[in-house]
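[1] Here is a sequence together with a model predicted from it:
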Amino acid sequence: MTGSAWRSDADVLIVGGGAAGGAAAFHLASAGHRVVVLERDPSPRVKPCGGGMAASVQQWFPFPLTPAVEEVINRVDFSWCLEDPVVANLPGSAPFWIVRRERLDQLLLEQAQAQGAELLQGWSVKELERKNERWLVRSDDGQECVGRAVVIADGSNSPWPARFGLGPSSLHTARTTSVRLQGRGALQPGSARFEFGLVHHGFAWAFPIGDGVNVGVGTFIGRQDTDSEAILKQLLPDLGFAADAGLRQQASLRVWNGHQRLHGEAILAVGDAASLCDPFLAEGLRPALMSGCEAATHLDGWLRGENRDLSGYSAGMRRRWGDSMAWGRRIAQVFYRFPKVGYQLGIKRPTAPQRIAQILSGEMGYGDIAQRVIRRLMLQRG
């Protein structure tokens, strides 16, 4: 549905109804603020997202996220050029979920609406400007909304962060090709797969989702001109599927690229629009949800007159996410340039399963392991 020609009563306008926008909308509406979510798509769509998410994100929400969870992962299988396998059994209660992305987004928006947030679908933002201490947002078809603050949550293709000086001035992007497949093929229940040798400067993954599998190919450094189709022709049969099977989607992800300001005057960027994606493992859902929740906390304080500005949001995301990603980027730069060495020294070591589990669960950051890993890789190259 679309909204009326003018609405002037919003405390916060959220541009984008994905995971980050939905998280912010829920917490802001729960705090009693008037929230309007402006979502471009008129209905939920299949998104090119692997759906991997640390189960620890549940602590940020008072309602269960399990309706969106398709699989609980307790084992991760690694391979190099479809051989040299390594199995990591995740210790304790499995810390890694696979969610159907469109279902997670819908769940968050439904919970936000239950708290009083308003959702306007089919609302494509054409103009965004600061006017008389308010933000004016205008759609492609001439509709307008006004709010005291704006949250930019419309993903990696958003034009608005650059327009308002939010996030890195120099974008670092990862290129991904995703395939949604019917049936499980050779993938075992409760297991995920990572393949490192086939992809130059990146890796491939296979995550179970419902009665199907999400397969992806991603490149993270260099020219990123990988022939994804050639890789899939080798990988899919190894997973038990026809080489040409599945629905293919291309995407470009903005990955973390240095400590940057994520706030402006009554405006914040969250999720992929803020370039928060993990530069090593391409984890995007945890920082999306984290940033949505963090944005809501600081906007709540600002709207109540407790904070002079929104600088606490940028500082909070640096502390909670950016400091670890600074090390993650350094690991990625070394690992993906010398991937075979990285596989031998970073994946096949006896302590790797525990470290993998702790990173996937959010219990450990890259800073906890980075210096040892980088030193080991550089010494081996030397």
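    Here it is on my side, so go on. All values reported here derive from a predicted model rather than from experimental measurement.
[2] Just grab the bridge partners of the nearest residue to residue 183 once chain neighbours are set aside for me.
    In this structure, residue 183 finds its nearest non-sequential neighbour in residue 212, 6.4 Å apart by CB to CB, 6 or more residues apart in numbering. Backbone N, C-alpha and C define where each C-beta goes, glycine included. Applying DSSP bridges to residue 212 gives these bridge partners: residue 182, residue 209.
[3] who's in contact with the spatially most central residue of the chain?
    The chain has residue 284 as the residue nearest its centroid, 1.7 Å off, counting by CA atoms, centre = their mean. Residues near residue 284 by CB atoms under 8 Å, 6 or more residues apart in numbering: 49, 253, 271-272, 276-278.
[4] Mind doing that once more with 10 Å?
    Counting by CB atoms under 10 Å, 6 or more residues apart in numbering, residue 284 touches 18-20, 49-50, 52-53, 101, 155-156, 174, 253-255, 271-272, 276-278.
[5] tell me the pLDDT at the residue nearest to residue 183?
    Listed pLDDT for residue 212 reads 92.
[6] Kindly report the same for residue 368.
    So residue 368 comes in at 80 (pLDDT).
[7] if I look at it, how far off is residue 273?
    Separation of residue 368 from residue 273 (CB to CB, to the nearest Å) stands at 28 Å.
[8] between these two, which one's more packed in?
    Neighbours per residue, other CB atoms under 10 Å: of residue 368 and residue 273, the larger number sits with residue 273, 30 against 14.
[9] what about that one, which SS state?
    Following DSSP: H, G, I helix; E, B strand; the rest coil, we place residue 273 in the helix state.
[10] Contacts only, for the residue lying closest to it once chain neighbours are set aside.
    Distance criterion CB to CB, 6+ apart; nearest residue to residue 273, sequence neighbours excluded, is residue 158 at 4.2 Å. Neighbouring residues of residue 158 by CB under 10 Å, 6+ apart: 15-16, 125, 152, 166-167, 254, 269, 271-275.
[11] quick one: which of these is nearest to residue 139?
    Using CB to CB, the shortest approach to residue 139 within those belongs to residue 125, at 6.4 Å.
[12] Near that closest one, how many other residues are there?
    21.
[13] wait, what's in contact with it?
    Shown in contact with residue 125 (CB under 10 Å, 6+ apart): 13, 15-16, 38, 40, 137-140, 145, 150, 152, 154, 158-160.
[14] Just the buried residues out of those residues, in ChimeraX syntax.
    Typed into ChimeraX, the line below selects the buried ones among the contacts of residue 125, using 16 or more other CB atoms under 10 Å:
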select :13,15,16,38,40,137,139,145,150,152,154,158,160
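[15] The contacts of residue 125 in helices, which ones?
    Under the assignment DSSP state H, the contacts of residue 125 contribute residue 160 to helices.
[16] ranges for the helices of the stretch 201-350 of the chain?
    Ranges of helices in the stretch 201-350 of the chain, per DSSP state H, counting those that start in this stretch, are 228-238, 285-303, 311-317, 323-335, 339-342.
[17] what's the weakest-modelled helix or strand in the protein?
    Every helix and strand in the chain was compared by mean pLDDT, DSSP states H and E; the lowest is helix 370-381, with a mean of 66.
[18] any idea how this structure splits into domains?
    Listed by automatic domain parsing, the domain ranges of the chain are 6-49+101-170+256-327, 69-97+171-254, 330-381.
[19] So which of the ones you listed is the most surrounded?
    Of all the domains of the chain, domain 6-49+101-170+256-327 carries the top mean neighbour count, a mean of 21, counting by mean count of other CB atoms under 10 Å.
[20] just how off-centre is it within its chain?
    Relative to the mean C-alpha coordinate of its chain, domain 6-49+101-170+256-327 is positioned 13 Å out (CA atoms, centre = their mean, to the nearest Å).
[21] For the chain, give me the ranges with low pLDDT.
    The model of the chain has pLDDT under 70 over residues 1-8, 45-48, 91-95, 222-226, 353-354, 357, 375-382.
[22] hmm, 50 instead?
    Filtered on pLDDT under 50, the chain yields the residue ranges 1-4, 94, 382.
[23] What separation do you get for residue 148 and residue 133?
    According to CB to CB, residue 148 stands 8 Å off from residue 133.
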